[in-house]
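*Asks:* Pasting the sequence and the predicted model now:
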Number of protein chains: 2
Amino acid sequence: MRQVGILGIGQTKIDEHWDRSLRDLGVDAIRAAMEDGGRITCDGLFVGNMLSGISNHQDLLGSLLSDWSDMQPVEAVKVEAACASGGAAFRSALMAVASGELDSAMVVGVEKMTDSGSAQITAALATAADADNEVDQGVSFVGLNALIMQRYMHEYGWKHTDFAPFSINSHANAVHNPCARLRNRITLEQYQKAVMVSAPINILDASPIGDGAAAILLVPIEDLPDRSKIIVCGSASFTDSLAIHDRSDAITLRAAYRSAKSAYQQAKVQANNIDVFELHDAFSIMAALSLEACGFAEQGQGPRLALDGEIEPDGRIPICTRGGLKARGHPVGATGVYQLVELVQQLRGECGATQVEDAMTGMAQNIGGSGSTIVTHILKKTVI
Amino acid sequence: MRQVGILGIGQTKIDEHWDRSLRDLGVDAIRAAMEDGGRITCDGLFVGNMLSGISNHQDLLGSLLSDWSDMQPVEAVKVEAACASGGAAFRSALMAVASGELDSAMVVGVEKMTDSGSAQITAALATAADADNEVDQGVSFVGLNALIMQRYMHEYGWKHTDFAPFSINSHANAVHNPCARLRNRITLEQYQKAVMVSAPINILDASPIGDGAAAILLVPIEDLPDRSKIIVCGSASFTDSLAIHDRSDAITLRAAYRSAKSAYQQAKVQANNIDVFELHDAFSIMAALSLEACGFAEQGQGPRLALDGEIEPDGRIPICTRGGLKARGHPVGATGVYQLVELVQQLRGECGATQVEDAMTGMAQNIGGSGSTIVTHILKKTVI
């Protein structure tokens, strides 16, 4: 297979976009990525989205968005893997270009969630868990993550407050990201006093939903401008049991471990070569588990990295440098593409106050369900 | 890219499966395809499904089905293109194996529709049309197809009764397919007197929904048994505008034309080399339009082929030889995989009373929306 790189990126602000439809948001991001890449069309479209059928009464987003972004009649499909839809769509687009089937591909992650009421969104998000064996018992998606966090705290002796640095870091970084939904700093005291959602997860452990779209234009590396090339060096996706109770270990992200390991091998790097890591902090517990599964911390020691400041932009392994899911916002099916757009911004050196110095190699990890589908990508910058 | 062939097929009967869940049906089809192919696992799973989020409160079918069919931790995603989801998932699996990324891939199309009420299913199916610009005006999905049929009859002077042979042929063929939902012959008189759904489409122009799953195991052709190889020789997908009123011509399936043309070129064949054609007769009008777009009839002359008996198993271009969508049934996201399973049955010579003699080259065409995403595949049998 041939090597593939990133020619263009685009994104909208994540917000309650009362004046923009799902189609508007998707087209905005696609057009921005086209403009950034200096193209006006491409050979195929891969849409990452989870909830459009339920929340927007609209399926067939491939046709919709290829049409409204003037790409029609090119091939276009939607790829769904719950909150990992964006990463999975990116991987599909990557394979299409790497195989030679297409000479360019656009991936867009898009979600329009805030038109629905909270009860509807809670029910919709629960479709990422096992409907018959988890949700039917009355548990919500945040409830499942709360069970994981509770078990993890019990197992390793961490207190709730030990997770505060994850949320504080994400909020601090989002201040400098014009596309982030929550651009306010938070304090330890605010974190400790935040309203409970599902114990032990409080509102400052949980990422906010939102409306938004992000897009990336992929081409073979020969078609990238010479001055600096951003190349996809690793791509892997693995699954774990959908229901948490079917896993031998509820507090280890086995699919994250497998996909990171495979991506490292493909990219010929190890964890200590990763300069920046956009991980999936849908809940603060997931940030800890992701760091551990990918080899940045021993099992059970994820919070230590955060408490030591090592996850900040000048730390050993900077994470969520544009705000992460926690503060940039989590438009579920779009998130995986936002992560990769932000990684490109880091490798291009466009991140201002949260720029990771000399960032050359970055990783993005996108989690679907409570850890049941996990997609990992590694990007590298090659300067000529 | 390397050549890919079909090692195993499996399917469930299409029915109202009150005793089988979506997960059961998917696993049944996957296990049947594994058994047929003599394997117990494979490297990746691609799920074709449209409505599970709405109808079954279940997303993340990749994780669900890879887990329950003992394939976990392999990569698994859902591909959605409305009623073309099955064909699109097959194409994704094909690309994964053709590229060398995976050495084997399972595609399963699955849909569980009959647990929902008719009003809910009507609303769910309408997500395949333009929510803001078509459905918001009050039109249903069958209503859109009725507009197309009305326009076509007006333009070319056909009467409603001229479409009868499409439905009569599908029902006659389904009698011999144990997996078909409607295994009864119908007469011209029954067709003419059938209850109206949305004029001019009556109940015998329209395919029934259903619960069901079909699966196919893809491998490189080197891994196929020597005695006979069934090879994927052409694969193409194109899009048209989502809303009918955005198309320059409402009664031409431009995406079908483009995808068939590309598939013919890849397979180095022409329309007259196709021995059997599993087309997408969701409504009888779609059978006519598909035949025309793919070069089997002049524009406006599709019904003539049917009236002349040329679409029957011993005709010039046999279609819907296992019952088609009309009588086999149309579990929407699964249909594209059923079509390909049936094509394999024809090429293997397993179709008994509806076997097409000396079938060596077959085509399947899967339509999403009212013609807005169309996926075409050509399979060939090579006997050694």
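*Replies:* Nice, I can see it.

*Asks:* do the helix or strand that contains residue A:153 and chain B meet at all?
*Replies:* Using DSSP states H and E, residue A:153 sits in helix A:141-156. No - using Cβ under 8 Å from any Cβ of the partner chain, helix A:141-156 stays clear of chain B, with a minimum separation of 10.8 Å. For glycine as for every other residue, the C-beta is placed from the backbone atoms N, C-alpha and C.

*Asks:* what packs against that helix?
*Replies:* Contacts defined by 3 or more Cβ pairs under 8 Å, 6 or more residues apart in numbering or on different chains; DSSP states H and E place helix A:141-156 against strand A:196-198, strand A:201-202, helix A:284-293.

*Asks:* what's the nearest residue to residue A:101 if we skip its chain neighbours?
*Replies:* Leaving aside its chain neighbours, residue A:101 sits nearest to residue B:95 (5.7 Å; criterion: Cβ to Cβ, 6 or more residues apart in numbering or on different chains).

*Asks:* Now for that neighbour: which residues touch it?
*Replies:* A:95-96, A:99, A:101 (Cβ atoms under 8 Å, 6 or more residues apart in numbering or on different chains).

*Asks:* could you dump the helix or strand hosting it to CSV, C-alpha only?
*Replies:* If you go by DSSP H and E, residue B:95 is part of helix B:85-98. Output in CSV follows, covering the C-alpha atoms of helix B:85-98 (Å, rounded to 0.1, in the frame of the first residue of the first chain):
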residue,chain,number,x,y,z
SER,B,85,-25.8,-0.2,3.3
GLY,B,86,-25.2,-3.9,2.4
GLY,B,87,-23.5,-3.2,-0.9
ALA,B,88,-21.5,-0.4,0.7
ALA,B,89,-20.3,-2.7,3.5
PHE,B,90,-19.4,-5.4,1.0
ARG,B,91,-17.3,-2.8,-0.9
SER,B,92,-15.5,-1.7,2.3
ALA,B,93,-14.7,-5.3,3.1
LEU,B,94,-13.5,-5.8,-0.4
MET,B,95,-11.2,-2.9,-0.3
ALA,B,96,-9.8,-4.0,3.0
VAL,B,97,-8.8,-7.4,1.6
ALA,B,98,-7.8,-6.1,-1.9
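
*Asks:* after that helix comes which helix or strand?
*Replies:* Past helix B:85-98, the next helix or strand by DSSP H and E is strand B:105-111.

*Asks:* That following strand close to chain A?
*Replies:* No - using Cβ under 8 Å from any Cβ, strand B:105-111 stays clear of chain A, with a minimum separation of 11.3 Å.

*Asks:* counting contacts, what elements does that strand pack onto?
*Replies:* Short answer (3+ Cβ pairs under 8 Å, 6+ apart): strand B:105-111 packs on helix B:22-37, strand B:44-48, helix B:52-55, helix B:61-68, helix B:85-98, strand B:212-220, helix B:335-348.

*Asks:* one step back: the helix holding residue B:95 vs strand B:44-48, what angle?
*Replies:* 160 degrees (axes from the mean of the first three to the mean of the last three Cα atoms, to 10 degrees).

*Asks:* follow-up on the earlier one: tilt between the helix holding residue A:153 and helix A:284-293?
*Replies:* 50 degrees.

*Asks:* residue nearest the centroid of chain A?
*Replies:* The residue lying closest to the centre of chain A (Cα atoms, centre = their mean) is residue A:336, at 3.2 Å.

*Asks:* What distance do you get for that residue to residue B:108?
*Replies:* 23 Å (Cβ to Cβ, to the nearest Å).

*Asks:* same thing with residue A:120?
*Replies:* In terms of Cβ to Cβ, residue A:120 sits 29 Å off from residue B:108.

*Asks:* Who has more neighbours out of the two?
*Replies:* Between residue A:120 and residue B:108, counted using other Cβ atoms under 10 Å in any protein chain shown, residue B:108 has the larger neighbour count: 37 against 14.

*Asks:* Let me know whether the more buried one touches residue B:212 as I believe.
*Replies:* No - Residue B:108 is not in contact with residue B:212 according to Cβ atoms under 8 Å; the separation is 10.8 Å.

*Asks:* Give me the common contacts of those two.
*Replies:* residue B:29.

*Asks:* Throw the helices and strands packed on helix A:141-156 into JSON lines and include distance to chain B and mean pLDDT, thanks.
*Replies:* Putting the helices and strands packed on helix A:141-156 into JSON lines (distance: least, Cβ to the nearest Cβ, whole Å; pLDDT from 0 to 100) gives the following:
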{"stretch": "strand A:196-198", "distance to chain B": "19", "mean pLDDT": "97"}
{"stretch": "strand A:201-202", "distance to chain B": "20", "mean pLDDT": "98"}
{"stretch": "helix A:284-293", "distance to chain B": "13", "mean pLDDT": "98"}
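
*Asks:* just these: most buried one?
*Replies:* helix A:284-293 (a mean of 28; mean count of other Cβ atoms under 10 Å in any protein chain shown).

*Asks:* Tell me the first helix or strand C-terminal of it.
*Replies:* Per DSSP H and E, the first helix or strand lying C-terminal to helix A:284-293 is helix A:302-307.

*Asks:* Could you check how far that next one is from the centre of its chain?
*Replies:* How far helix A:302-307 lies from its chain's middle: 20 Å, per Cα atoms, centre = their mean, to the nearest Å.

*Asks:* Mind giving me the packing neighbours of that helix?
*Replies:* By 3+ Cβ pairs under 8 Å, 6+ apart, helix A:302-307 packs against helix A:164-174, helix A:284-293.

*Asks:* Show me what residue of chain A gets nearest to chain B.
*Replies:* With Cβ to the nearest Cβ, the shortest gap between chain A and chain B falls at residue A:99, namely 3.3 Å.
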